[in-house]
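Q: Model the following, please.
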Amino acid sequence: MLWAEAVASGAPRGGRALAVGLALAAGGLSGACTSRPPAADDAPVGPYEVVDGWPRVPEGMVFGPALDVAVDGRGRVLVSHAAGRASGNDAPIGEATILVFDPETGELLDAWGEGLFVYPHGIEVDRDGFVWVTDSEQNRVFKLTAEGKVVMTLGEVP
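A: Predicted coordinates:
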């Protein structure tokens, strides 16, 4: 498995994050953003492999398009996604737009951001564990706790 290979190889934390991000992009996202399942040819070149069943999204949850991926200090994988919406929305997305996954199993650990983002385009986690999300439709940056509570916003809604 990709994550296990990265850990076993002693890859630095950033390398593991990149490996998880690439696996997510190659495995889960290509299927979520297209009408066909991912093929082996979709995988990036390198020592990576598609991990079937990663991530594990609950039945009935709309996943994608996935817009960005980050890894927090606990190794959890955070994904900002648009819950089936496209760019150009004019109202906040009612479903959870930030999904938090277990890096090993792909199990959904947490989901939040309902009604907060119109198009959560970017996500980063800082060294203090705060999650920063950019919303390209609102022209805003949000600073949130690891549980999704807004502690600061930058920018004004146009």
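Q: Give me the distance between Gly129 and Gly155.
A: Taking C-beta to C-beta, to the nearest Å as the measure, Gly129 and Gly155 are separated by 22 Å. For the C-beta atoms, the positions are set from N, CA and C on the backbone; glycine is no exception.
Q: Surely Trp54 and Gly106 touch.
A: Yes: using C-beta atoms under 8 Å, Trp54 makes contact with Gly106 at a distance of 3.5 Å.
Q: what about stretch 82-89, how long is it end to end?
A: This stretch, stretch 82-89, spans 10 Å end to end (C-alpha to C-alpha, to the nearest Å).
Q: what residues does it touch?
A: Judged by C-beta atoms under 8 Å, 6 or more residues apart in numbering, the contacts made with stretch 82-89 from elsewhere in the structure are 62-65, 67, 93-97, 118-120, 136-137.
Q: Which positions within it qualify as buried?
A: Applying a neighbour-count criterion of 16 or more other C-beta atoms under 10 Å, one finds Ala82, Ala83, Arg85 buried in stretch 82-89.
Q: for stretch 143-151, same thing?
A: The neighbour-count check on stretch 143-151 (16+ other C-beta under 10 Å) flags Leu144, Ala146, Gly148 as buried.
Q: For beta bridges, what are the partners of Val77?
A: Residues found in beta-bridge contact with Val77 (criterion: DSSP bridges) are Val71, Phe101.
Q: Quick check: it touching Pro103?
A: Yes: look at Val77 against Pro103 with C-beta under 8 Å: they come within range, at 5.4 Å.
Q: Please say which of the two ends up with more neighbours.
A: The residue with more neighbours, out of Val77 and Pro103, is Pro103; 26 against 23, by other C-beta atoms under 10 Å.
Q: Phi, psi for the more buried one please.
A: Phi and psi for Pro103, reported as degrees, to the nearest 10, are phi -70, psi -30.
Q: now it: how far from Asp72?
A: Pro103 sits 10 Å away from Asp72, going by C-beta to C-beta.
Q: Kindly report the same for Gly88.
A: Remark: distance between Gly88 and Asp72 (C-beta to C-beta) = 30 Å.
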